[in-house]
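**Q** Need a 3D model of the sequence below.
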Amino acid sequence: MNLTTIQNLKLKWAGIILEINKNTIIVLLITFLLNSCSNRDYLLFEEYKLSFYNWSLKYSPTTQFIKLDSSFKNKKEFSGFDYVSDLKRFLIELNQIDVNKVGKNNSLAYKSIKEFLNKEIYLDKTMKFNQWNSLYYLNIFCDHSAYVASLIHLNKKNLLSDFDIRFLLNEVDFLADRIDFFLENIKYKHRFEFQNEELEKYIQQINDLSSNIFFKEVNETPNTSLSRKLTNLRESIDNLTFWYNRQYEKLNLFPNSISRLDYKKYFHLVSNNKKDFDEILESALLKLESTENQLFDLCFPIYLEKNDEPIWTDISDTISVISTVFEEINNSSYQCSNNEEILKSSQKISSSIFNYSNSYKLDIKRVSNLSLPQLHAFDYFNNQSENFVYVYSSNYKNDRYQNYYYNLDKIIPGDFFIYSHIYDSNNDFNSIYLNKNYFHSFKSLLKRYYLNIDKNQIQPFQICGLENFKYFNVMKILNTKDELVNLINVIASINFLVNNDNPIYTISKYDRLKIVDGIKNNLILKDIFNYKLDSILKFTSLNMVENLLKDSKSIDYEELLNIFYEHPNASLDIIIKKVMNE
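**A** You can find the predicted model right below:
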């Protein structure tokens with residue numbers, strides 16, 4: 001091979017190598033650009049999430065998990081019309097970020113924020129609640145007033161720091177501004193008399209709080225920042241009362257009735273379930289009958305302990321059996337409520353499932369000045385330290401059975417346990433957002449697991465002189481009653497939304513076992529008229545999980561509970577994918 005040929009070959013290979021390097025560089029450049037774009041979306045969302053989080057704490061009307069020891073509290077302001085404008089701006093910015101490029105850990109936050117924004121904008125643009133839905137807002141004002149009242153009570157007990165007191169002052173201002181804004185913008189009245197009757201109840205409840213708590217605080221501690229702000233709030237409440245008494249009836253009816261399709265879209269915005277209302281109603285009616293039978297089966301053995309079997313003629317005999325058992329349960333009250341023992345039992349079971357080390361001591365305090373019979377004030381939880389829980393409630397009872405069930409439902413394995421777990425999940429977004437589909441299904445599963453556990457798995461001990469496991473049959477009865485009431489709630493809600501049926505008549509029609517008392521009736525009406533669809537969400541989310549257990553042969557009850565525990569506040573589609581190993 002001569003020198004010229006060798007030189008030509010060198011040049012040829014040099015060209016090939018250069019071409020390979022050029023292609024490699026192009027590939028690397030494309031890869032870099034793709035990664036940069038992906039990284040750009042991730043960084044943009046991290047910045048966006050922080051901005052939305054801080055905005056929510058300052059301007060959002062409700063913040064889910066604020067505790068008194070929370071570092072997340074800050075100055076709240078009411079923004080009026082700017083609130084919806086801000087929501088629209090946040091939605092535009094969010095739509096410019098690719099959900100597939102924000103990272104696995106951010107996917108839930110992205111979808112949750114988008115769901116929240118779409119729902120709030122839909123309420124304003126399509127449902128136009130601010131123009132006609134007085135019940136929706138007065139329910140919020142009533143709950144917010146009760147929240148302010150509970151903070152005032154804690155302040156009187158010297159349980160608030162200076163920072164907490166500033167937070168209380170902001171809450172008072174926020175509520176007053178929101179009532180004023182409502183009065184400036186409401187244009188129409190409700191269509192039905194039963195809605196007006198509920199409206200009057202809310203007005204009365206708000207005035208009860210204003211006269212019994214706010215006025216008392218102003219009188220006892222005049223010339224303080226709190227008393228001055230409460231005086232301003234009471235003036236707003238007086239204006240609200242005047243509006244109802246003198247102006248409300250003069251308003252025209254809302255001319256644009258909300259269509260079935262509008263409500264369907266609204267439900268789909270807040271739910272993981274995309275079924276039509278008719279399908280949900282059919283499922284609820286079927287479940288109603290089976291749950292009625294289940295309640296009777298649980299009550300009958302207790303009835304036979306002290307009574308002879310009745311001669312069966314019609315449903316009145318069944319009603320008699322159930323009412324007799326509930327009467328006995330309600331009459332089993334005395335001053336004994338070993339809350340710590342109840343809590344220890346439920347904690348042991350919960351910790352054995354989830355392998356956690358947190359241990360709570362329990363102190364339940366009854367807030368006497370909040371215990372108005374018609375006001376089912378929310379239960380206020382305050383985690384003062386790592387191992388002590390104060391529970392303030394206007395609904396606390398000394399009845400041994402009701403107290404036991406209250407602990408299970410509201411503390412562990414119920415509300416507080418789940419709230420605390422979500423709140424402590426090292427995700428800032430989880431401190432301001434509650435996925436109700438997750439919450440309702442997880443809570444129902446936990447309670448059922450606890451109440452059906454083998455008694456041999458529980459170390460024997462007594463509560464108020466009775467073996468612990470002997471409470472479980474009664475707890476199952478109370479839990480089944482709650483599930484039955486929720487089904488009646490679902491049926492009444494859908495018939496009201498779709499057909500404008502009077503929910504009072506619907507409740508009476510489907511309460512065939514006569515278990516809905518005055519308190520439960522008011523809670524159902526509250527759920528219906530505040531349009532949160534909680535009863536429907538609870539039913540559909542639990543149905544999805546029950547079907548998941550039936551369809552998946554590769555997972556048992558405890559494994560499913562652990563998936564819920566390991567993915568706090570997750571949407572149900574994420575839970576389902578984890579079960580299916582997708």
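**Q** Helices of the stretch 301-450 of the chain, start to end?
**A** Ranges of helices in the stretch 301-450 of the chain, per DSSP state H, counting those that start in this stretch, are 315-331, 339-354, 400-410, 415-423, 436-451.
**Q** what mean pLDDT would you report for the last one?
**A** The average pLDDT for helix 436-451 rounds to 90.
**Q** contacting residues around that helix?
**A** By C-beta atoms under 8 Å, 6 or more residues apart in numbering, the residues outside helix 436-451 that reach it are 270-273, 346, 349-350, 353, 408-409, 413-415, 417-418, 422, 472, 475-476, 479, 483, 534, 537-538, 540-542, 544-545, 557-558, 560-561, 564, 568-572, 575. Placement of C-beta: from N, CA and C, glycine included.
**Q** residues making contact with the helix or strand hosting Lys509?
**A** Using DSSP states H and E, Lys509 falls within helix 503-510. Defining contact as C-beta under 8 Å, 6+ apart, one finds that helix 503-510 is touched by 194, 288, 487-488, 491-493, 495-496, 516, 521, 524-525, 528.
**Q** repeat that for 6 Å
**A** Counting contacts by C-beta atoms under 6 Å, 6 or more residues apart in numbering, the residues outside helix 503-510 that touch it are Phe194, Ile488, Ile491, Ala492, Asn495, Phe496, Val516, Ile528.
**Q** how about TSV for those residues, with secondary structure, neighbour count and distance to Gln205 added?
**A** Shown next, in TSV, are the contacts of helix 503-510 (DSSP: H, G, I helix; E, B strand; the rest coil; neighbours: other C-beta atoms under 10 Å; distance: C-beta to C-beta, whole Å):
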residue	secondary structure	neighbour count	distance to Gln205
Phe194	helix	16	17
Ile488	helix	27	23
Ile491	helix	25	26
Ala492	helix	27	21
Asn495	helix	20	26
Phe496	helix	21	21
Val516	coil	21	20
Ile528	helix	26	17
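**Q** which among the contacts of helix 436-451 end up buried?
**A** For the contacts of helix 436-451, a burial check counting by 16 or more other C-beta atoms under 10 Å picks out 270-273, 346, 349-350, 353, 408-409, 413-414, 417-418, 422, 472, 475-476, 479, 483, 534, 537-538, 540-542, 544-545, 560-561, 564, 568-572, 575.
**Q** wait, what's in contact with the residue nearest to Asn232 when sequence neighbours are not counted?
**A** Excluding its sequence neighbours, the residue lying closest to Asn232 (C-beta to C-beta, 6 or more residues apart in numbering) is Ala176, at 5.4 Å. When contacts are counted by C-beta under 6 Å, 6+ apart, Ala176 touches Asn232, Leu233, Ser236.
**Q** Let's see which of those end up in helices.
**A** Asn232, Leu233, Ser236 (DSSP state H).
**Q** Would you list the buried entries among these?
**A** Buried among the ones in helices among the contacts of Ala176 (16+ other C-beta under 10 Å): Leu233, Ser236.
**Q** which one of the ones in helices among the contacts of Ala176 is nearest Val148?
**A** Comparing those against Val148 with C-beta to C-beta picks out Leu233 as the nearest, at 7.7 Å.
**Q** Show the low-confidence segments of the stretch 251-400 of the chain, by residue range.
**A** Across the stretch 251-400 of the chain, the ranges flagged by pLDDT under 70 are 333-340, 355-399.
**Q** Which residue ranges of it form strands?
**A** 252-253, 361-366, 380-385, 388-393 (DSSP state E, counting those that start in this stretch).
**Q** I'm done for today, thanks for sticking with me.
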